[in-house]
Structures are given as structure tokens and as C-alpha cells.
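# Fold the following and give me the result.
(chains A and B)
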Protein chains: 2
Amino acid sequence: MTELTRRTVLAGAAVASAATALTPLAPAPAKAAAPLLGTQAPGWYRYKVGSYEITCVTDGRNTFKLPDSFVGNAGKDQVNAALAAAYMEKDTMTIPYTPIVINTGSKLVAIDCGTGEANFERSKGVGGQYHTNLKAAGIDRNAVDVVIISHFHGDHINGLITPDKKPSFPNAEIMVPAAEWKYFMDDGELSRQTTDRMKGVFAGARTVFDALNRKVTPYEPGKELAPGITPVATNGHTPGHNSHIVASGNSKVYVQADVTNHPALFVRNPGWHAFFDQDAKMAEETRRKVYDMLVAEKMLVQGFHYPFPGMAYIEKAGNGYREIPVMWNPTL
Amino acid sequence: MTELTRRTVLAGAAVASAATALTPLAPAPAKAAAPLLGTQAPGWYRYKVGSYEITCVTDGRNTFKLPDSFVGNAGKDQVNAALAAAYMEKDTMTIPYTPIVINTGSKLVAIDCGTGEANFERSKGVGGQYHTNLKAAGIDRNAVDVVIISHFHGDHINGLITPDKKPSFPNAEIMVPAAEWKYFMDDGELSRQTTDRMKGVFAGARTVFDALNRKVTPYEPGKELAPGITPVATNGHTPGHNSHIVASGNSKVYVQADVTNHPALFVRNPGWHAFFDQDAKMAEETRRKVYDMLVAEKMLVQGFHYPFPGMAYIEKAGNGYREIPVMWNPTL
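Below you'll find the model as predicted:
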């Protein structure tokens, strides 16, 4: 076979192995270019807290044009400056979602569950990845014993049901903050809502929980929900918002849910009032209290809206705080 | 079936699906605990630079007791303080390895290739992961057209050969810095080495390249090695150390190799002289020059010893610099 002939033959197809046999160690002959793959790594990451395994499972993210009112008490220029400082795109907000699953050794416990599988198609795969990534992480949704919900925004609860409105976790007890349940299931509260957004939050919560026949276990802060997993009231973002401390042995992690949204904006500027915070003043008080505690206790935080995989330590910086991401561990 | 009987039956085995059929929506009956998985996500991550796909492929990491002499011009207390500031363990150094592979659309180009598969068993899977993760990322080592080597330390070149000393990339042209080749292949230079460590670096390089019959293409800085991939001399760490600029469209990334080792120590403290830097003074000059450029140009850096996946922007901070990790993108 002449060189010319071989080049001609090889040019049209991926025949690297044939090339190998012909020319070991030689510079590569002309061959088909390896195709661009266009795929991302499965979005999960695992770490240990004491003897517990925590699996971070990304649901993907949401990117949208920065609304003028995204931060109620800061101008768009200030927000853009914070985005620029984080090397994020101007006039654009990207919010990642990372629920977690905890295996205590005796119980498999999910905390929050993403925007729901129906969002996968709607967002063209950018969001709604939770259940796919959960499976990729080797976790069977049928084996989940408990799902603990932090609050009733759609990115935290929609993954409770499948696109055909069946339970996503058919064997799990669904635990919800009692205060959140009381507020969002109260028809009087619903009747007093004046904005489309808030009416939507009520409707969204009811769609999900009605599909579950409202079969949930309301919980109070301070009482252990599963071995080593204790809720803490962190109200403001919603009326019944809870964070969760997961403790095993001498280790613990503070699973903050939405005490802050994206750290580039709201950890650096804890006084900023996010569009999503229902009682912005209370949310700010909660945020400062939690973050001062995280600094004082040198406690690991797991942030639902932090960049995946979402674990960091916190230090004081400027007028607020800065997160120090935990180094990726290539083995468990 | 009585509740007691069912509990007894279910207690011993993972029969979540049976439980599902029996009790949809009910609180979970007693069932076998889901096993701890003990596995980590495959260690790869993909991003785009212009039309190019870059895949970061972790080789794992190496954790060792901090030697007294790890930083030549800083005391162990200072190093421990820097570790503490990064929430890393005292008296312990952990160094991650992240080579990359670039698909330009016409060429599949690897830059460096980890500690070698033989290290997987030696390190009990903590290191030597590169070839496994490369495969997990969907990249066939036989399809790699070019391997560009930054310098001749074992964590960058050992992956060029298999445990039985065959070429790992049988169809690839192996490109090495001409200055590095001249230095480490020179028997006179070898004869002048006085330390076991340096003798070991020479021996290691010769083991690898002898296994390849010394069939390599030496390259000079400044000349494009593949479309959009240009080496830059960044000497000091070794006599012929090169970094590489990868450019496509309006985007570029500075693939620094070992301009710094772990950023928690050497980006924050660019004046610190790492044990590994052969000419520590020249390495420091190079480091400051490169990092001032990265700040001025707001250029993305890909760090071989940065925490996986290793991409960051750089800002000035304190007496040195600080890296701003790029947010994980759950889709490509």
C-alpha cells in the first residue's frame, strides 16, 4: 500500500487502530480527526463527613439576563462589578443547583431534589439533571428512605415528582418544615398574595404536594430528622426556610440551602437583598448570623447555589465574607 | 403478610422494589440500608476555548508529610499557616495532578500525561488515574495525535509508557522542549549531579524515553506545535520548562504546567521557593512575570497542580496573587 493510497483510505474514517498496527511509534499518519465530544462529566461528587457519605448531585444551572431588580438594594452597576470580580459574564446571572444525598450507613437521606425531570427538556438539558446524575452516582431513587425539604421553592421541591406527577421517591418519607407547610398550604395566605411570582410559588408547591396526596411529615427545627441530621430555622428567604447540620463523629457540615444565593454576589455582599428573599431584612439577619457562626466555628458549608460541588469554608473579607472552596478529592 | 413478617423478610436484603410495590407513598418499611458506595466520580471535566474542546483529566494526587525543606526560604510554621488559611491539613502536603487533552477539531493533543499507570497500584489508586479517567472521558489513547511535554518530571512524563514499557500513545508524535531534551539526555550533565533526587530525575526521564527509543520531536518556544498551541519558555522549575498558550477564536488559556505548584502556597506566596524548583531564583522570576501577565491580560490559567479541574483567573492579593476558580459548568 503506498503512502498516498493509505492516506486516502484513512482520511475518511476513524481507523486509529489500523494506523496503530501499521506504524507503531511513528508520527501519526493522516487519519480522521477525533470527533468533538460535546459531553460533560456526570455531575456528582462524593465526600465523607465522619462515617457518612455525602453525594453532591448537580441539577444543572439556570442562566438568565440579569433583571434590574435582581438585588433590591444595589444597582445593576454594583452587581455587574461583583460579577466582573468573579470573572462572570456581565448582565447575566447563572445560578447552579446542587442538592445532596447522605448515606448515614443506616438511612439514605436526600436534602432537596432540584427543578424536576420535566425541566430537563424545557431547559434543553441545562437544568433538570438531578435524577440522571443521581443514577450516575450509583444511587437508586427507590432506596431513598427520607427526603428532607429546606423550603418550598421549585428548584428544591419539583424533583419530588416525576413528569407524569408520580412520586420520584416512592419509598421515602417526605419531611417538610412545619412553618413552611403551614404558610404555603394556608388558603388565607394564598388569598393575600398580590404578585404573580408569589402566587406562582404557592401554586407550584401545591402542585407538587397535591401529587403526593399531601402525604408529608412536617418537622420542627432543632429536632433530629435522621441520625445526625438536625434542622436549623433560617427564616427570611421563605417563612419556614430551614438549613440542616449533618454531624458524624467529630465532623459536621452546614447544609445551608438558600441562606445565600450565588456566593459571588451574596457571600461577598451579605447585605444585598436578593429578588428571591421573601423577607429580605430577616434573610439578611439570618445570613450574617449564619456566616459569622461559620467563620467562628470554621465549619464547612454546603451551598445549594454555590458552584458545584458546593463545599467551602468561609472567611471574613471586605464588607462581607469569602468562600474558600474545598479541594476536589480524586478518591473518596 | 403481617407487618412483623414483612419486616423480618425485608430486613436482610436490598429489596426496595418489593417494598415499593407493597407500599407506594407510605413511610419506608424497615429494609436493608443502602450500602456505602466508597466510589468517587470519574475525574474529568470539559470546557471550550473558542471552538476547541479541552478535557481536564485528573491523574489523582499525592499526599505526604510536609518535609522541613519543602519551601527553601520559608519556615515550616509559615507553610503551615498558609495551609491553615486554605483549610488544608497541617504538616501535610497534598499535590493534585491534572493533565489536559485538547481537541482542535483537526488534532487531538495531550499536554503532559501524569504519573503513569504503574503508580495506580503503587499508590493504591490515589494517583496514576490518568489513563483510566482519559477513557472515562471518552478519549481513546490510540486517537491522540500529539503529546506535548512541558518538562521531564515524572508526574508529567511517566504516563507516556505503560507498566510493561510500551508507548501509551502508539499513534502520537511526542514533542518535548529542546532545551529539556538537551539537558536531561546529556551524559555530562548527568555526571555532574550530586543529589539522589536529581540523579533520579535524570534516570526517570531516560527510562521513559529509552522505552520510546528516544523517538521524540524536540521543540523550541514560540513556534506553534499544533493549530493554536504555542509553547512559551518558563524556565527555572527545570532548565527547559515550557508552558503553552492554547488559542481559538477570541479565547485563550495559559496552560502553565509547573510555573507554580499548589496555589495555596505558591500563588499566594510567589516568592516562596519550592523544593521542586531546580533554579529557584529563576523560577520565582518566571512565576512573577507570568502571574503579572495573567492579571494584566485577565487570562484564564490551567494549573497542573491546581485543585481539579484546575482552571482559574488570577487577581493580586496581599504580597502575591489569589486564584478565582472558574465555576463548574454542568453542561458543555
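
# Counting neighbours, which bits of stretch A:248-265 end up buried?
The neighbour-count check on stretch A:248-265 (16 or more other C-beta atoms under 10 Å in any protein chain shown) flags A:248, A:251-265 as buried. C-beta here means a position set from N, CA and C on the backbone, and glycine is covered the same way.

# So which of the residues you listed sit within strands?
Counted as lying in strands by DSSP state E, out of the buried residues of stretch A:248-265, are A:Ser248, A:Ser251, A:Lys252, A:Val253, A:Tyr254, A:Val255, A:Gln256, A:Ala257.

# Is it correct that A:Val255 is in contact with A:Met299?
No: here A:Val255 does not reach A:Met299: they are 10.9 Å apart, not a contact under C-beta atoms under 8 Å.

# Point out where chain A drops to low pLDDT.
Chain A contains residues with pLDDT under 70 at A:1-30.

# Go ahead and flag the most central residue of it.
Closest to where the C-alpha atoms of chain A average out (C-alpha atoms, centre = their mean) is A:Thr98, at 1.8 Å.

# quick one: the helices in chain A?
Along chain A, the segments classed as helices by DSSP state H run A:3-11, A:16-22, A:76-85, A:118-122, A:130-136, A:154-157, A:178-184, A:187-191, A:196-211, A:263-266, A:280-297.

# tell me the angle of the last one relative to strand A:251-257?
By that I understand helix A:280-297. Orientation check (axes from the mean of the first three to the mean of the last three C-alpha atoms, to 10 degrees): helix A:280-297 against strand A:251-257 gives 160 degrees.

# which secondary structure elements does helix A:280-297 contact?
Judged by 3 or more C-beta pairs under 8 Å, 6 or more residues apart in numbering or on different chains; DSSP states H and E, the packing partners of helix A:280-297 are strand A:251-257, strand A:311-317, strand A:320-325.

# Now do the same contact list for A:Gly154.
Contacts for A:Gly154 (C-beta atoms under 8 Å, 6 or more residues apart in numbering or on different chains) come out as A:Thr115, A:Gly116, A:Val201, A:Gly204.

# So it versus chain B, what's the distance?
As judged by C-beta to the nearest C-beta, to the nearest Å, A:Gly154 and chain B stand 18 Å apart.

# what do you get for A:His131?
In this view, A:His131 and chain B are 14 Å apart by C-beta to the nearest C-beta.

# Identify the residues contacting that residue.
A:Gly114, A:Glu117, A:Arg141, A:Gly159, A:Ser168.

# Report the beta-bridge partner residues of the closest residue to A:Thr217 other than its chain neighbours.
Spatial nearest neighbour of A:Thr217, excluding adjacent residues (C-beta to C-beta, 6 or more residues apart in numbering or on different chains): A:Met175 at 4.8 Å. Counting by DSSP bridges, A:Met175 forms beta bridges with A:Ile148, A:Thr217.

# contacting residues around A:Met175?
Going by C-beta under 8 Å, 6+ apart, the list of residues near A:Met175 reads A:Val146, A:Val147, A:Ile148, A:Ile149, A:Val216, A:Thr217, A:Pro218, A:Tyr219, A:Leu225.

# Weed out the non-buried ones from the residues you listed.
Buried among the contacts of A:Met175 (16+ other C-beta under 10 Å): A:Val146, A:Val147, A:Ile148, A:Ile149, A:Val216, A:Tyr219, A:Leu225.

# for those residues, which one is nearest B:Lys281?
Using C-beta to C-beta, A:Ile148 is the member of the buried ones among the contacts of A:Met175 that lies nearest B:Lys281, at 55.7 Å.

# Thought A:Lys166 was touching A:Arg141, still the case?
No: counting by C-beta under 8 Å, A:Arg141 stays clear of A:Lys166, with 11.3 Å between them.

# Between these two, tell me which one has more neighbours.
A:Arg141 (23 against 12; other C-beta atoms under 10 Å in any protein chain shown).

# How many residues are close by the nearest residue to the more buried one once chain neighbours are set aside?
Leaving aside its chain neighbours, A:Arg141 sits nearest to A:Phe169 (5.4 Å; criterion: C-beta to C-beta, 6+ apart). Look at A:Phe169: counted by other C-beta under 10 Å, it has 26 neighbours.

# give the contact list for A:Phe169.
Counting by C-beta under 8 Å, 6+ apart, A:Phe169 has contacts A:Ala110, A:Cys113, A:Arg141, A:Asn142, A:Val144, A:Val147, A:Leu160.

# Where neighbours are concerned, which of these has the most?
For these, neighbours were counted using other C-beta under 10 Å, and A:Cys113 has the most, 31 neighbours in all.

# Near chain B, which residues of the stretch 201-332 of chain A are found?
Proximity of the stretch 201-332 of chain A to chain B (C-beta under 8 Å from any C-beta of the partner chain) is limited to residues A:212-213, A:215, A:217, A:298, A:307-309, A:313, A:315, A:324-332.
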